[in-house]
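S.K.: With the sequence up front, the predicted model follows.
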There are 2 protein chains.
Amino acid sequence: MVPNQNHRFKPRKQPVQARSEATVSALFEASVQVLLAVGYRKLTTTRVAERAGVSVGTLYQYFPNRQALITSVIERYLEEISASVERDCEVLNGRRLDEIATGLVDAFIDAKWKRIDVSRAMHEPLVDVGGAKLVRAAATKGAGFVANVLASCSDAEFPDVHSLALFVVMACSSLLQAAIADHAGSVERNMLRVHMRALVFGYLREMRQPKPGEMQPPRLRRRAIV
Amino acid sequence: MVPNQNHRFKPRKQPVQARSEATVSALFEASVQVLLAVGYRKLTTTRVAERAGVSVGTLYQYFPNRQALITSVIERYLEEISASVERDCEVLNGRRLDEIATGLVDAFIDAKWKRIDVSRAMHEPLVDVGGAKLVRAAATKGAGFVANVLASCSDAEFPDVHSLALFVVMACSSLLQAAIADHAGSVERNMLRVHMRALVFGYLREMRQPKPGEMQPPRLRRRAIV
DNA sequence: ACCTGAACACCGTTCAAGT
DNA sequence: ACCTGAACACCGTTCAAGT
């Protein structure tokens, strides 16, 4: 009666996976659509399943709970952002500090604004799901990339590029998140660009290793830390 | 039968208000306690009412829904933070830029860290409730204060102090929010302090109005904005 | 292997009834 | 004027039954 003993060890997954992968993809897309359509608060598992053309039970076959579904959706989104930023950063290798600071900020802003509606809609679920860890993970990965760019800077040297990079990435992403969550229309986007460029450039200039013999502009005194 | 026509216009609110104010206070405190004890996800209206020693129905007599309750709690929290920052900033009037930048950052960090558990616990509800508006409101108010400090700076002048102040406040609060939501123990607090001081100082230096005849260090070129 | 959908527990919110 | 708590609607999650 058992057709093939083997099926327990090497089940014919090909068609099986194809079906289930299609289902999972549908669930992802449905999640984003529902999120955009009715907002996070009204995003119910039933609604997502419905939109994906399956029943709730099926959803729970692939995700242990609502949070896990949302977490996956967010991970995808963060990967898109990271990839976009990294792509834009490649041209910055070996450039001057001002070019790097400007390019970095622009890369972030462009990445977030490419799908501004999604970026905005993603904020709530991101936090609800404990996204700090996910963001930190994505930021750490992205920071590796940024660190290389910093190390390649033609007119400045930095101690501990990795810490600086991580801080820059965290600052950019948290600031953008806040600005986008607010309501920042495209009116404010260019303001944000100008200010963030100065922020990152000013920070990196402040943190750079002074070249021997260089005329020193006033630097920030390291005051006692309580 | 009607004891006093007047009561419709001037009801004896004194004892009445005293009772209800006590109830409202109890609900606020209970909310924070429940939040700290079981987290936002498990903060149910029944649980809050229970902890406050009243029934759910009573809670709904004072707050139209769960969100309104949480919003009020958050408003209180934001006011505390603002007040703390403002208090710490008063001594910065007329100081040098480096002192102002350092003092500002320290004021923020200290305010958030005073009740770090509350700050951390407050992040989720803040976002869930659409706190961007509340934060923006608090930030705008705080920015007025910071703008005055900037205007009083003894060794630098700024164009449009108000914009700069708002940006600094937003940057500080969003960065701290992200760092705290993450898990930043006290280990990371001093790192954060150092980096944030450089961030704010570097930004403000970059944005200041150059004094006539001053030796200009390289400034950020204003590049074309896409 | 994958899907279905009725059923259950739980939570926000209401409202008729109390003091 | 203020409080109570059972009742209702809705949502996340499960699971026995299908193909």
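M.R.: It's in.

S.K.: any idea of the pLDDT on the most centrally placed residue in chain A?
M.R.: With distances taken as C-alpha atoms, centre = their mean, A:L78 lies nearest the centre of chain A, 3.4 Å away. If you check A:L78, the pLDDT there is 96.

S.K.: wait, what's in contact with it?
M.R.: A:134-135, A:138 (C-beta atoms under 8 Å, 6 or more residues apart in numbering or on different chains). Using the backbone N, CA and C atoms, a C-beta is placed for each residue, glycine as well.

S.K.: again, 10 Å this time
M.R.: Contact analysis of A:L78 by C-beta atoms under 10 Å, 6 or more residues apart in numbering or on different chains lists A:122, A:126, A:131, A:134-135, A:137-139, A:141-142, A:173.

S.K.: Alpha carbons of the strand or helix carrying A:R189, in PDB - could you do that?
M.R.: In the assignment (DSSP states H and E), A:R189 maps to helix A:186-207. Provided in PDB are the C-alpha atoms of helix A:186-207 (Å, rounded to 0.1, in the frame of the first residue of the first chain):
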ATOM      1  CA  SER A 186       8.100  65.500  -0.900                       C
ATOM      2  CA  VAL A 187       8.200  69.100   0.200                       C
ATOM      3  CA  GLU A 188      10.300  68.000   3.200                       C
ATOM      4  CA  ARG A 189      12.400  65.500   1.400                       C
ATOM      5  CA  ASN A 190      14.800  68.000   0.100                       C
ATOM      6  CA  MET A 191      15.100  69.800   3.400                       C
ATOM      7  CA  LEU A 192      15.900  66.500   4.900                       C
ATOM      8  CA  ARG A 193      18.500  65.900   2.300                       C
ATOM      9  CA  VAL A 194      20.300  69.100   3.000                       C
ATOM     10  CA  HIS A 195      20.300  68.700   6.700                       C
ATOM     11  CA  MET A 196      21.200  65.000   6.700                       C
ATOM     12  CA  ARG A 197      24.100  65.700   4.400                       C
ATOM     13  CA  ALA A 198      25.500  68.300   6.800                       C
ATOM     14  CA  LEU A 199      24.800  65.900   9.700                       C
ATOM     15  CA  VAL A 200      26.800  63.000   8.300                       C
ATOM     16  CA  PHE A 201      29.500  65.200   6.800                       C
ATOM     17  CA  GLY A 202      29.900  67.100  10.000                       C
ATOM     18  CA  TYR A 203      30.000  64.000  12.100                       C
ATOM     19  CA  LEU A 204      32.600  62.300  10.000                       C
ATOM     20  CA  ARG A 205      34.800  65.400   9.800                       C
ATOM     21  CA  GLU A 206      34.600  65.500  13.600                       C
ATOM     22  CA  MET A 207      35.600  61.900  14.000                       C
END
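
S.K.: hmm, that helix in reach of chain B?
M.R.: Yes - counting by C-beta under 10 Å from any C-beta of the partner chain, chain B is contacted by helix A:186-207 at A:189-207.

S.K.: quick check: mean pLDDT across that helix?
M.R.: Mean pLDDT, computed over helix A:186-207, is 92.

S.K.: Mind giving me the ChimeraX select for the residues of helix A:186-207 next to chain B, buried ones only?
M.R.: In ChimeraX syntax, the buried subset of the residues of helix A:186-207 next to chain B is picked out as below (16 or more other C-beta atoms under 10 Å in any protein chain shown):
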select /A:189,192,193,194,195,196,197,198,199,200,201,202,203,204,205,206,207
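
S.K.: Can you list the helices and strands that the helix ranked longest in chain A packs against?
M.R.: If you go by DSSP state H, chain A has its longest helix at helix A:13-38. Other elements packing on helix A:13-38 under the criterion 3 or more C-beta pairs under 10 Å, 6 or more residues apart in numbering or on different chains; DSSP states H and E are helix A:45-52, helix A:56-62, helix A:66-89, helix A:116-128.

S.K.: Tell me which two in the contacts of A:L78 are the farthest apart.
M.R.: A:M122 and A:K141 (18.0 Å; C-beta to C-beta).

S.K.: So for those two, which residue has more residues nearby?
M.R.: A:M122 (26 against 14; other C-beta atoms under 10 Å in any protein chain shown).

S.K.: Name the nearest residue to that one, sequence neighbours excluded.
M.R.: Spatially, and ignoring its direct neighbours in sequence, A:M122 is nearest to A:Y77 (5.5 Å; C-beta to C-beta, 6 or more residues apart in numbering or on different chains).

S.K.: Tell me which residue in chain A sits closest to DNA strand C.
M.R.: A:G57 (1.9 Å; C-beta to the nearest atom of the strand).

S.K.: and A:E21, what pLDDT?
M.R.: The model's pLDDT for A:E21 equals 84.

S.K.: For it, give me its contacts.
M.R.: So A:E21 contacts A:Y62 (C-beta under 10 Å, 6+ apart).

S.K.: still on that earlier bit, lowest-confidence entry in the contacts of A:L78?
M.R.: A:G131 (85).

S.K.: Surely that one is in contact with A:A139?
M.R.: No - counting by C-beta atoms under 10 Å, no contact exists between A:G131 and A:A139, whose distance comes to 11.3 Å.

S.K.: Overlap in contacts, those two.
M.R.: With C-beta under 10 Å, 6+ apart as the test, A:G131 and A:A139 both reach A:78, B:182.

S.K.: do the lowest-mean-pLDDT helix or strand in chain A and DNA strand D meet?
M.R.: Using mean pLDDT, DSSP states H and E, the weakest-scoring helix or strand in chain A turns out to be helix A:13-38, at a mean of 84. No - if you take C-beta under 7 Å from any atom of the strand as the test, helix A:13-38 misses DNA strand D, and the best it gets is 9.3 Å.

S.K.: can you tell me how far A:I109 sits from A:R19?
M.R.: 40 Å (C-beta to C-beta, to the nearest Å).

S.K.: same thing with A:M207?
M.R.: Distance of A:M207 to A:R19, given as C-beta to C-beta: 53 Å.

S.K.: again with A:D160
M.R.: Per C-beta to C-beta, A:D160 is found 50 Å from A:R19.

S.K.: and if you look at A:I116?
M.R.: With C-beta to C-beta as the criterion, A:I116 and A:R19 are 34 Å apart.

S.K.: Enumerate the residues of chain A near DNA strand D.
M.R.: Near DNA strand D, when you scan chain A using C-beta under 7 Å from any atom of the strand, you find A:42-46, A:56-57, A:60, A:64-67.

S.K.: List only buried entries from the residues you listed.
M.R.: A:43, A:45, A:66.

S.K.: The second one: what's it in contact with?
M.R.: Applying C-beta under 10 Å, 6+ apart, we find A:T45 in contact with A:27, A:31, A:34, A:56, A:59-60, A:63, A:65-66, A:69.
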